[in-house]
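**Q** Take this sequence and fold it.
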Amino acid sequence: MNQNRLVVGLIVALVIGLVAARYVYVQLRNARLAAATSAPAGRIVVAARRLQLGERLAGSDLREIPWPDVAKPAGAFARIGDCLDRAVITQVVENEPILEEKLAPKDAGGGLSVAIPEGMRAISMRVDDVVSVAGFVVPGSMIDVLVTGPTMNGDSVTRTALQDLRVLAVGQKSEQDREGKPQTYTVVTLLVTPEEAEKLTMASTEGKIHLALRNTIDNKEANPPPVNRASLFAGAPPPPVAAPKIRRAGPAPAPKPPEVFVIDVIRGDKHESQSFAGP
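**A** Residues are numbered from 1 along each chain as shown. Alright, predicted model coming up:
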């Protein structure tokens, strides 16, 4: 009998728990729906297709979608007319909100120039498959520039001239391949400072340029020592040979005095000694 009562009690407790859980779930769902319906409904402008850097916006490139005003991103547009004929300064994917910070000023025009920040420059250099890392240098890549040229003593040296430069375009394309495939091109356009533009022009004119592809999030500056031809092909330089010790010339030694011979001479009762110099 006691066992039956225990089973009945467990069943009743389980039913009550299920009912309570259902009630809490319904209340939470209703609260969320009420909050969503009570929030002011606004609109926001998004991209109707993928937009490339420098493109000027037309009506067919944009569309308006419902968006709660409380969750609207800063700088978003509510009407398509507010952002027409303005160029995007970065790539925009389909359905991405159009923000003020992604657009060039109204009178800036279009093209690659709108993507160049104030105080920076875009400079192009001629490359081949080797220089361009077999075509894997694409828009948005970060690269180092290595230059090889002659030295004053007739040797040649390779050094890292510029580091962590962004690639704006390859050829006439400013968009990466979606599948990451290498591209064929003969010109690379880099984003540089005015000083870097001078260095790159001198390096490409007087020496031979190579590009080194780096991770886009690796912005640590490295300072590898330059490599010259002699040290690369001849190995480490031989240890310096110690100069022979040279004694300083001093005064000439004094000549050895001649040997003296003494002879005793006896004449009768007289005795005397006479000295003679040796030969």
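**Q** contacts, neighbours, all on C-alpha from now
**A** Fine.
**Q** what comes up buried for the longest strand seen in the chain?
**A** Ranked by number of residues, the top strand in the chain under DSSP state E is strand 156-170. Across strand 156-170, burial judged by 16 or more other C-alpha atoms under 10 Å covers 157-170.
**Q** Which other helices and strands does the helix or strand following it contact?
**A** On the C-terminal side of strand 156-170, the nearest following helix or strand under DSSP states H and E is strand 187-192. Helices and strands touching strand 187-192, by 3 or more C-alpha pairs under 8 Å, 6 or more residues apart in numbering; DSSP states H and E, are strand 121-126, strand 156-170.
**Q** I'd like the buried residues of strand 156-170 written out as TSV, with pLDDT and distance to residue 123 added.
**A** Shown next, in TSV, are the buried residues of strand 156-170 (pLDDT from 0 to 100; distance: C-alpha to C-alpha, whole Å):
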residue	pLDDT	distance to residue 123
157	90	24
158	91	22
159	91	20
160	91	18
161	91	15
162	92	13
163	93	15
164	92	15
165	92	11
166	90	11
167	90	10
168	87	9
169	85	10
170	86	11
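**Q** Tell me which of the helices and strands packed on strand 187-192 sits nearest to residue 81.
**A** Residue 81 lies closest to strand 156-170 among the helices and strands packed on strand 187-192, at 29.1 Å (C-alpha to C-alpha).
**Q** relative orientation of the closest one and strand 187-192 in degrees?
**A** Going by axes from the mean of the first three to the mean of the last three C-alpha atoms, to 10 degrees, strand 156-170 is angled at 100 degrees with respect to strand 187-192.
**Q** so how far is strand 156-170 off the chain centroid?
**A** Strand 156-170 sits 9 Å away from the centroid of its parent chain (C-alpha atoms, centre = their mean, to the nearest Å).
**Q** same deal with stretch 73-83?
**A** Using C-alpha atoms, centre = their mean, the offset of stretch 73-83 from its chain centre is 34 Å.
**Q** May I see the buried residues of it?
**A** Result for stretch 73-83 [16+ other C-alpha under 10 Å]: buried residues 76, 77, 78, 80, 83.
**Q** Pick the one among these closest to residue 197.
**A** Closest approach between these and residue 197, by C-alpha to C-alpha: residue 83, at 33.5 Å.
**Q** Please give me every residue in contact with the closest one.
**A** By C-alpha atoms under 8 Å, 6 or more residues apart in numbering, the contact list for residue 83 reads 57, 77.
**Q** Quick one, grab the pLDDT at it.
**A** Residue 83 carries a pLDDT value of 89.
**Q** and the buried residues of stretch 73-83 as JSON lines, adding secondary structure?
**A** Converted to JSON lines, the buried residues of stretch 73-83 look like this (DSSP: H, G, I helix; E, B strand; the rest coil):
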{"residue": "76", "secondary structure": "strand"}
{"residue": "77", "secondary structure": "coil"}
{"residue": "78", "secondary structure": "coil"}
{"residue": "80", "secondary structure": "helix"}
{"residue": "83", "secondary structure": "helix"}
